[in-house]
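S.K.: The following block contains a protein sequence and its predicted model.
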Amino acid sequence: VRWSQALGFLVAAVLLLLAAMWIGIVVANAIIGPVRRLATAAGAVSEGDLTSRVEIRRGDGELGELGEAFNDMTRQLAAQRDDLIMANEQSDARRRFIETVISGVPAGVLNIRKDGRVALANPSAERLLGEGKGRVNGAQIHDVLPEVGQLLERAEEVPEHDVRDQIELSRGGLTRIINIRISPDDPERPSGFLVTLDDITELISAQRN
């Protein structure tokens, strides 16, 4: 009887131990599974795949809610990235359009950032300044057109108004009379200035004659 009781207790202990192990494995999988899926999706997002989503299963509980929050975050990031790409494409298209338009303008046109660097110069401006193609873009305005220094200071003092004046531009042994106009590049949120150079040398000479 004692041996039977001991054997019964042993079998019961083994069954309880196996049941405890099985319950532990089930609970561990219930925790590790969602965490693993979340970690996999996070790794894909870190590599730039914003279409990655966490699979939500019944019984995930609070970890499932975390997965839902992660999916919402990735959807928002994907939408913001698409908006940024579209905005960049529109900005590039607008810049190309502006470059195409001002390239055919006979007057010289310069777009100057607030730090004094030339962001854009059309071919007419390059010819007036006696510089080669592409050499004005990126240069400091005081290096390529020092005559405009005081006018830029006036434009910075009253950014909401245009500054107009007349200067003499000497390049390559020739002196030309230039009508200059400085205006903000964006009336609402200016980030620099738009400088227009109109060569009126021949007009002045004709008037004198």
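M.R.: Everything's here; your move.

S.K.: quick one: residue 96 and residue 90, what's the gap?
M.R.: 11 Å (Cβ to Cβ, to the nearest Å). No exception for glycine: its C-beta is placed from N, CA and C like everyone else's.

S.K.: could you point out which element follows the longest helix along the chain?
M.R.: When the chain is parsed with DSSP state H, its longest helix is helix 2-46. Using DSSP states H and E, the helix or strand that directly follows helix 2-46 along the chain is helix 62-103.

S.K.: and the angle for that next one with helix 2-46?
M.R.: Orientation check (axes from the mean of the first three to the mean of the last three Cα atoms, to 10 degrees): helix 62-103 against helix 2-46 gives 10 degrees.

S.K.: Can you name the next helix or strand after helix 62-103?
M.R.: Next in sequence after helix 62-103, counting helices and strands by DSSP H and E, comes strand 108-113.

S.K.: average pLDDT for that next one?
M.R.: In this model, strand 108-113 has an average pLDDT of 86.

S.K.: How much space separates residue 94 from residue 85?
M.R.: Using Cβ to Cβ, residue 94 is found at 15 Å from residue 85.

S.K.: just checking, next helix/strand downstream of the lengthiest strand in the chain?
M.R.: In the chain, with assignment by DSSP state E, the single longest strand is strand 174-184. Sequence-wise, the next helix or strand downstream of strand 174-184 (DSSP H and E) is strand 192-199.

S.K.: Sheet partners, orientation included, of that next one?
M.R.: strand 108-113 (antiparallel), strand 174-184 (antiparallel) (DSSP bridges).

S.K.: Which SSE is immediately downstream of it?
M.R.: Remark: after strand 192-199, the chain's next helix or strand is helix 201-208, criterion DSSP H and E.
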